[in-house]
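**Q** Next input, structure requested:
(3 chains)
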Amino acid sequence: MPRLPRSFFARPCLQVAPDLLGLYLVRGDFAGRIVEVEAYVHEEDQACHARVGRTRRTEMLYGPPGYAYVFLIYGMYDCFNVVTEAEGSPAAVLVRAVEPVPPLEGGTDGPGKLCRALGINRAHNGQDLVDGALVWIERRNRKKVKIATTPRIGVDYAGEWALRPWRFIDADSPWVSKARGVKAPTGSASRPSRRSPRTR
DNA sequence: GGCACGATTGCT
DNA sequence: GCAATCGTGCCT
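**A** Numbering: from 1, shown residues only, chains lettered A, B, ... in the order given. Have a look, this model is predicted:
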């Protein structure tokens, strides 16, 4: 199955993010069909780790595209990101949920949970997704993905940047995370019945 | 050196 | 609703 080439990741982050939906994140004998991602774009994005500029932690974001950026959050969960755009341009895509194939123990609906289930941790930070042997992204089919967007999860501290619709999900997938903290899904299934009378 | 906080999750 | 748990960035 064809791995994605460097050129795929070298494009603008907001183009790469939705294009990752429907592709497969492969780690050892396991893989996950990507159904939910978020884009974190440049230093001005107050939700992006690069908002603090170059540090030991953010150095990966400034590196060349097609590498893994894995960080520890809340002292106990790892989050897997794909570095995008040219070297020197800090932008990455967080993988938030996958459909496990084959089925896995433990959920994969959430950035911390999918890393735990697939065995991804900080040792994978800096791994080459194009030529590396530990983790990569590949295409397994050309099936179309119906894409929906929402604001990103858990970044309310970022002010108006938190309102940008930079979370991309496969609108038809039941494997998307529950995303506590989201007020209202953008257009689809679980809205309150349209004609609920709300008598008064 | 100390401290507040986080791209989350599971349990009360 | 809230605690767990520790690396990071900034300050005290």
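**Q** Nearest the geometric middle of chain A, what residue?
**A** A:Val95 (2.3 Å; C-alpha atoms, centre = their mean).
**Q** For that one, what is the enclosing helix or strand?
**A** Element membership of A:Val95, judged by DSSP states H and E, is strand A:91-101.
**Q** Enumerate the positions of that strand that are buried.
**A** With burial defined by 16 or more other C-beta atoms under 10 Å, the residues of strand A:91-101 counted as buried are A:Ala91, A:Ala92, A:Val93, A:Leu94, A:Val95, A:Arg96, A:Ala97, A:Val98, A:Glu99, A:Pro100. For the C-beta atoms, the positions are set from N, CA and C on the backbone; glycine is no exception.
**Q** Quickly list what the second one is bridged to.
**A** If I follow you right, that is A:Ala92. A:Tyr40, A:Val83 (DSSP bridges).
**Q** Pull up the gap between it and DNA strand B, please.
**A** With distances taken as C-beta to the nearest atom of the strand, to the nearest Å, A:Ala92 is found 5 Å from DNA strand B.
**Q** Was I right to think that residue contacts A:Tyr62?
**A** No. Using C-beta atoms under 8 Å, A:Ala92 makes no contact with A:Tyr62, being 10.3 Å away.
**Q** which ones are touching the closest residue to A:Gly22 other than its chain neighbours?
**A** Using C-beta to C-beta, 6 or more residues apart in numbering and skipping residues adjacent in sequence, the residue nearest A:Gly22 is A:Val145, 4.1 Å away. Contacts for A:Val145 (C-beta atoms under 8 Å, 6 or more residues apart in numbering) come out as A:Leu21, A:Gly22, A:Asp170, A:Asp172.
**Q** Local confidence estimate at the residue nearest to the centre of chain A?
**A** At A:Val95, the model reports a pLDDT of 98.
**Q** My guess is it contacts A:Tyr24. True?
**A** No. Counting by C-beta under 8 Å, A:Tyr24 is not a contact partner of A:Val95; they are 11.0 Å apart.
**Q** Need the overlap of contacts for these two.
**A** By C-beta under 8 Å, 6+ apart, the residues touching both A:Val95 and A:Tyr24 are A:Ile34.
**Q** Where does the residue nearest to A:Gly22 sit: helix, strand or coil?
**A** Look at A:Val145: counting by DSSP: H, G, I helix; E, B strand; the rest coil, its state is coil.
**Q** That one and A:Val176, how far apart?
**A** Distance from A:Val145 to A:Val176, counting by C-beta to C-beta, to the nearest Å: 12 Å.
**Q** Which strand or helix spans the nearest residue in space to A:Thr108 that is not next to it in sequence?
**A** Closest residue in space to A:Thr108, ignoring its immediate chain neighbours: A:Leu114 at 4.1 Å, by C-beta to C-beta, 6+ apart. Assigning secondary structure by DSSP H and E places A:Leu114 in helix A:111-118.
**Q** Is there any residue in that helix that contacts DNA strand B?
**A** Yes. For helix A:111-118, a contact with DNA strand B is found by C-beta under 7 Å from any atom of the strand, at A:Pro111, A:Gly112, A:Lys113, A:Leu114.
**Q** Quick one: mean pLDDT over the helix or strand just after that helix.
**A** Per DSSP H and E, the first helix or strand lying C-terminal to helix A:111-118 is strand A:135-138. Mean pLDDT, computed over strand A:135-138, is 98.
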